[in-house]
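A.B. asks: Predicted model follows, preceded by the sequence.
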Amino acid sequence: MRKQPPAKERKRKPRVKSAAELELPRLRAQLKAAGMRAAGRTQVNASLLRPTNSYGTPDFVERGHYLDMPFRCKDCGKEEIWTATQQKWWYEQAQGDVWTVATRCRPCRRNERRRKAEAERTRQAGLALKAARQSRSPG
């Protein structure tokens with residue numbers, strides 16, 4: 001069995017930035033050119049965050065502020081920025097889990113909500129049909 005070098009001697013691999021993180025300066029420049037203000041940071045009020053059973057602390061809590069965070073929509077692939085203000089709303093007012101991040105753009109979120117609602121309607125209709133069949137059958 002190969003021995004691991006002591007922790008001090010092990011080399012730490014540098015964190016590789018995602019394509020979305022590399023695009024942040026370009027996206028901020030586009031916002032600025034379009035006349036939109038990209039504030040980029042908002043203070044964290046840790047007392048308003050939903051309790052978590054994790055041993056870790058999210059980066060934004062340690063920093064003390066939210067930062068604009070780029071992401072690519074997992075449905076359509078569009079590049080978006082999850083703004084600091086949107087993060088503050090999600091974590092502090094909507095009580096979203098502190099380990100979640102944005103994955104879909106607004107139109108794709110609406111489509112996903114519609115899809116889930118339709119699936120639930122179909123499921124309820126199936127359950128009602130099954131109950132009706134069971135009540136009619138002798139047994």
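C.D. replies: Noted; the coordinates are in hand.

A.B. asks: For the rest of this, base every contact and every neighbour count on C-alpha atoms.
C.D. replies: Will do.

A.B. asks: Buried residues in the helix or strand containing Val61, which are they?
C.D. replies: Taking DSSP states H and E as the definition, Val61 sits inside helix 59-63. Neighbour-count burial for helix 59-63 flags Phe60 (criterion: 16 or more other C-alpha atoms under 10 Å).

A.B. asks: which residues sit against stretch 42-52?
C.D. replies: 60-61, 64-67, 84-85, 88, 91-93, 95-98 (C-alpha atoms under 8 Å, 6 or more residues apart in numbering).

A.B. asks: Flag the shaky bits of the protein, pLDDT-wise.
C.D. replies: Applying pLDDT under 70 to the chain flags the ranges 1-21, 28, 31-39, 139.

A.B. asks: still on that earlier bit, please spell out which residues along the helix or strand immediately after the helix holding Val61 in the chain are buried.
C.D. replies: The helix or strand immediately downstream of helix 59-63 is strand 65-67, counting by DSSP H and E. Buried residues in strand 65-67, counting neighbours by 16+ other C-alpha under 10 Å, are found at His65, Tyr66, Leu67.

A.B. asks: For the next helix or strand after strand 65-67, enumerate the helices and strands it packs against.
C.D. replies: Next along the chain after strand 65-67, taking DSSP H and E as the criterion, comes strand 69-72. The contact analysis (3 or more C-alpha pairs under 8 Å, 6 or more residues apart in numbering; DSSP states H and E) places strand 69-72 against helix 19-33, strand 79-82.

A.B. asks: dump the residue contacts of Arg104.
C.D. replies: Here Arg104 is in contact with Arg72, Cys73, Lys74, Asp75 (C-alpha under 8 Å, 6+ apart).

A.B. asks: before we move on, what SS does it have?
C.D. replies: Secondary structure, DSSP: H, G, I helix; E, B strand; the rest coil: Arg104 is coil.

A.B. asks: picking that back up, relative to Gln124, which of the contacts of stretch 42-52 is nearest.
C.D. replies: Gly96 (27.4 Å; C-alpha to C-alpha).

A.B. asks: Ala84 versus the residue nearest the centre of the chain, what's the distance?
C.D. replies: For the chain, the residue nearest the mean C-alpha position is Val101 (2.0 Å; C-alpha atoms, centre = their mean). Distance of Val101 to Ala84, computed by C-alpha to C-alpha, to the nearest Å: 12 Å.
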